[in-house]
Structures are given as structure tokens and as C-alpha cells.
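*Asks:* Only the shape, not the letters, is given here:
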């Protein structure tokens, strides 16, 4: 007898049966098995072993006999070419035997013929736990891929909607912005605001003509009724079922330590999902449940306003994206995201503009990256590396049709580093909640790349590919702002030549928190927020059940 390892627990459903695995040689007492080979149309070989007797006997070197009670036990056998053969009587075989310390029984659980090694069986419990583990991972993946119910409706509406024109104001006056062509995203308007013909150009803080709240203002939208259950909950319940079954079978398959490690990891991950989902639900509902003030009647203190970005006295900015002269910059710009940017940059009048320039900007954040190899030896890494970045802002007006409110975006932007990337991976963010950001630009407005990562210039380092990502807020964008409204200084009013005849012109909004309320600003109206919300059942109860299902086996 040759012990294969230390005493172990037999994991074939016989909970608590401890014993030894033993390898031993033996001889067949009769014709034992037939090995056949077949070839399919593609020339691929397929081998099968058929045990001829349901209770085959083997003779040990000491003359004792062992019986194979399970013909489907794993077998090791040679595959010489594609020719059939028979394992006859008196042939040497290797047996893998489990010697039970409790019952003193010896059970053959693996056979190796013709000098092949006997394989240890894969326990049923191990197979069960692997299956349920795969089901749990698949359920989580599908949860992350399931959009909120309102998001599908919003996307359908926006497909049939052309982007609202963006504007630029400088010393020469108000005109259409010159920027790369853009096809819109989920943070754009669904119902267009009035055109510039309705603006009060002589007094920007005054109501539009005619005075009316924007079509997409929350006071006009009403309340969105969400489905209590969607496929998100179905996949969540699938995760709960899989984790529950894992708790039942993992102890049998892996013992106490294995169960604690597996269930502990699942409980920790489920807790993180619940925490992120709770935080996201709380933030979004604080936005939805906070009354939106018409700007005409906004008061000093914390307030929520929704409207259109319009130019303040300082106008808007022309932003040049990128800081270095790039080798091969005459190369046509390649869009990274289909439908986001075009190869040729054109103005609305058809005139060409220098690369990487965007008009009509009131707040922005851009990132420049270079594709190159850094490090040496085993630490060598080739990827997109950060090369340069910049951010900036200028005051603007939020106008909802009833009046304009002066806003200083720097008070939000300077507090928020994560805002520039929050729009990426939005489906997974719907599961995990995304990071807290006081200023959310949404997805990148423009993305460009110069050079190809698979090219002679890239490999040699002579012409390194570069790419630029631009997040920005522009005149004409929808905007949501939650912040502190406070009186403007007399100097600020005098600088704009305001006489205070329009009440809201005497106020400004800044990104300061209040007790229990965090200031926030994002591109888009409350409609985009409403469409990103899940029902309380899906946002709270489903993740809570996931945590309970993962914790319960640990407590039993």
C-alpha cells in the first residue's frame, strides 16, 4: 500500500467519513473493459471506455479481492492512435482506493489501465459548488448589465432627438459654437428648451418671452412610476439562490475552513453591493424628493434648480485640448467612440477648425494620454499613460424660463476630482453606485486619437499615439444644481450694470453643503436622474437579501 496523502474526508456525500487514499497495483480477473475511438467529420478523435461488468473484481498482490462498485469511476487509459483495444484478464492495473477509518471498508474510486495513473474522482459536492459559484457570478454580471427601467425609455426618446445647438459668447457677441460634431448622450435634452429668439438678450436674468417653465422642468414632468420588479431582481434572486446552495454544499465539499473562506468572501462582496446601492438610492432620492424651485421665486439658502446653461457677463470659453505639439498631428483624427466625434472637425457653418478646440464651454476637464512602454524587465508595461490634464470654469446662468440665476461652477468643480470619469462604465455603476461626485459632467463629450497603437511609429517610439478625452459643460446644456443661494455683492452687481430690478439677478449659487444636504451639480435635468432610479424593492431589498443569503450559512 502506498499512502497518497494525509488522512482526509471523503467528499462524495459521505459527510464525516475520514480515511486514507491508497494507490495499489492489482490484476484483472476477467475481461475488464473495451476502449473505442471514433473520428468525426473534422478528423477529431473521441475516446470512450466501457466497463463490461457492473461489479468487476481485482486481485491484490496479497491475494485479497477488491470490487469496483461504480463503473463510471474515473479511468486513466492510453490512446494509441485511433484504434480500439480491450483490457483483458490478468492485466496489471493501478487502483485508487479509499480506506474508510470509520467502517474499515475499502472502496475503489479510480482505475488506471496499461501503465496509466488512476485519477482521483471529482466529488459531487465539488461539482455542485462549482456550478453554484458560476451561477452566482453570472447572476451578478447580468445584474450589472440590466439597465434601470426608465433608462430604456430615455434612450428610446433620445434616439429620435437631434442634439440642441450649443452656443458661444465672446466679445463679438452670441453665435453658434464651433466644436466637433456630437450626436448626444443620455444627459442631453429630451424636450428641447426655447430657442434664442425667446431669450431676453438685453436682460439675461429676466424671464423668457413668453414666460414659461422649460418643458423638461421637474414641475412639468410629474412623478415617474417605476416597475417594482425587473430582470435586475430576477438575477438578484438567482444570486441569492446560488449563494444559499453554496452555503449548503460548500461545507461538505471543502470542510469548515473552505466554507468560511468562500462564504466570507461572498458576504463581504454582497455587503459592498448593498452599501453602494444604498448610497446611490439615497443620493438619487434626495435629488428627486427635494422640491425644485422656479428661479423667479428662489430664496436665500439651500435650493435645487434645473434649467439651461446660458452665458453670464463673462461669456464662455474657447478651450484648446492638449498641451504639446504631437508628431504626426496632421493625421486625421480618429473617433474612439462611434457617433461621438467625427474624423473631420467642422463648424456649424462648414468651416474647418484647428484640432482639439471646443467653443461655448463654461466648465471643463480634459485628459491627455500617450501610448508607450515604461519600466524594464518584468516591470515593463505598455498602456495608455497619463501625460497632461487641465480643468477650468467660468460663471454662467441657469435659466428655467422664469428667470436666470448666477452660478459659480468652480465651487463645485474644485471639490470633485472623480467627476470627469464618472460617466464611463455606466451600467456597472448602476449596480455598484459609482463614486460620490459633487460635479458630474456625465460621459465624455469628445474623444480623439492621433496615431495607431499598432504601427511602426508606435513600436519604435518615434511617433507615439496620443489620445484626448474632453468632459465639458457648454452653453445650451441642461443643468441640475443643488447648492447654497446667497446675495451677490454690490461690486459684482455694479460690474454687470445691474440695478436689482429683477430679484433673481441679486442672487448667486455656490457649491456649499448644509446640514444633511450635500451640494451637487450635473449635466442633465432631473429626468435623467429619475430614469436612472430603481424601485426601492430593487435598490434596497434585493441587495439586502443577497447579504442575508451570504451571511446565514456563517451563522448556522
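*Replies:* Structure received. In this text, all values refer to a predicted model and were calculated from it rather than measured experimentally.

*Asks:* Just the mean pLDDT for the helix ranked longest in the chain, thanks.
*Replies:* Counting residues, the longest helix found in the chain (DSSP state H) is helix 231-289. Mean pLDDT, computed over helix 231-289, is 75.

*Asks:* so what strands line up beside whatever helix or strand comes next after that helix?
*Replies:* Next in sequence after helix 231-289, counting helices and strands by DSSP states H and E, comes strand 301-311. Counting by DSSP bridges, the strands paired with strand 301-311 are strand 396-399 (antiparallel), strand 478-487 (antiparallel).

*Asks:* Compare these and give me the one nearest residue 231.
*Replies:* strand 478-487 (28.4 Å; Cβ to Cβ). C-beta: built from backbone N, CA, C; applies to glycine.

*Asks:* what residue of the chain is the furthest out?
*Replies:* Each residue of the chain has a distance to the centre, and by Cα atoms, centre = their mean the biggest one is for residue 63: 64.1 Å.

*Asks:* For residue 67, find the nearest of the strands paired with strand 301-311.
*Replies:* strand 478-487 (75.9 Å).

*Asks:* ok, and for the next helix or strand after the closest one, which residues are buried?
*Replies:* As assigned by DSSP H and E, the chain's next helix or strand after strand 478-487 is helix 490-495. For helix 490-495, the neighbour count (16 or more other Cβ atoms under 10 Å) marks residue 493 as buried.

*Asks:* Reduced to three states, what does the closest residue to residue 277 other than its chain neighbours come out as?
*Replies:* Using Cβ to Cβ, 6 or more residues apart in numbering and skipping the chain neighbours, the partner closest in space to residue 277 is residue 543 (4.6 Å). Secondary structure, DSSP: H, G, I helix; E, B strand; the rest coil: residue 543 is helix.

*Asks:* mind listing what residue 543 touches?
*Replies:* With contact set as Cβ atoms under 8 Å, 6 or more residues apart in numbering, residue 543 has these partners: 236, 270, 273, 274, 277, 278.

*Asks:* just checking, residue 164 touches residue 192?
*Replies:* Yes - using Cβ atoms under 8 Å, residue 164 is in contact with residue 192, at 5.2 Å.

*Asks:* In the host helix or strand of residue 19, which residues are buried?
*Replies:* Assigned by DSSP H and E, residue 19 falls within strand 18-28. For strand 18-28, the buried set under the neighbour-count rule, 16+ other Cβ under 10 Å, comprises 19, 20, 21, 22, 23, 24, 26, 28.

*Asks:* I'd like to know how far the second one sits from residue 139.
*Replies:* If you measure residue 20 against residue 139 using Cβ to Cβ, to the nearest Å, the figure is 39 Å.

*Asks:* How is the residue farthest from the centre of the chain assigned, secondary-structure-wise?
*Replies:* coil.

*Asks:* next one: residue 384
*Replies:* Once three-state DSSP is applied, residue 384 turns out strand.

*Asks:* got it, and residue 111?
*Replies:* Going by three-state DSSP: residue 111 is strand.

*Asks:* and if you look at residue 533?
*Replies:* coil.

*Asks:* ok, and the closest non-adjacent residue to it?
*Replies:* residue 284 (4.9 Å).

*Asks:* Kindly report the domain assignment for the protein.
*Replies:* Domain ranges of the chain: 2-121, 145-177+192-228+278-316+395-440+471-555, per automatic domain parsing.

*Asks:* Quick one: end-to-end distance for the last one.
*Replies:* Spelled out, that is domain 145-177+192-228+278-316+395-440+471-555. 32 Å (Cα to Cα, to the nearest Å).

*Asks:* quick revisit: of the contacts of residue 543, grab the buried ones for ChimeraX.
*Replies:* This is the ChimeraX syntax for the buried subset of these, where burial follows 16+ other Cβ under 10 Å:
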select :236,270,273,274,277
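
*Asks:* Just the closest of the contacts of residue 543 to residue 197, please.
*Replies:* For the contacts of residue 543, the nearest to residue 197 is residue 277 (44.9 Å; Cβ to Cβ).

*Asks:* Surely the closest one touches residue 537?
*Replies:* No - look at residue 277 against residue 537 with Cβ under 8 Å: they stay out of range, at 11.7 Å.

*Asks:* can you give me the strands in the stretch 51-200 of the chain?
*Replies:* With DSSP state E, counting those that start in this stretch as the criterion, the stretch 51-200 of the chain has strands at 56-59, 65-68, 75-76, 85-87, 92-100, 106-113, 167-170, 173-176.

*Asks:* Point out the other helices and strands that the longest one packs with.
*Replies:* Okay, so that is strand 92-100. For strand 92-100, the elements it packs on are strand 18-28, strand 106-113, judged by 3 or more Cβ pairs under 8 Å, 6 or more residues apart in numbering; DSSP states H and E.

*Asks:* Just want the angle from the shortest one to strand 92-100.
*Replies:* Between strand 106-113 and strand 92-100, the angle formed by their directions is 150 degrees, by axes from the mean of the first three to the mean of the last three Cα atoms, to 10 degrees.

*Asks:* Parallel or antiparallel, which strands does strand 106-113 pair with?
*Replies:* Strand 106-113 is paired, per DSSP bridges, with strand 75-76 (parallel), strand 92-100 (antiparallel).

*Asks:* could I get the ones you listed as TSV with mean neighbour count and distance to residue 294?
*Replies:* Shown next, in TSV, are those (neighbours: other Cβ atoms under 10 Å; distance: least, Cβ to Cβ, whole Å):
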stretch	mean neighbour count	distance to residue 294
strand 75-76	20	80
strand 92-100	20	79
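
*Asks:* Backbone dihedrals for residue 201, please?
*Replies:* Here is the backbone geometry of residue 201 (degrees, to the nearest 10): phi -70, psi -30.

*Asks:* OK, contacts around it?
*Replies:* residue 174.

*Asks:* That one and residue 399: what is the separation?
*Replies:* As judged by Cβ to Cβ, residue 201 and residue 399 stand 12 Å apart.

*Asks:* Next: residue 476.
*Replies:* On the measure of Cβ to Cβ, residue 476 and residue 399 end up 11 Å apart.

*Asks:* Name the residue in those two with the higher neighbour count.
*Replies:* residue 399 (27 against 24; other Cβ atoms under 10 Å).

*Asks:* correct me, but that one touches residue 306?
*Replies:* No - checked against Cβ under 8 Å, the pair residue 399 and residue 306 is beyond contact range at 10.3 Å.

*Asks:* just to revisit the earlier point, if I look at residue 476 and residue 399, which residues touch both of them?
*Replies:* By Cβ under 8 Å, 6+ apart, the residues touching both residue 476 and residue 399 are residue 308.
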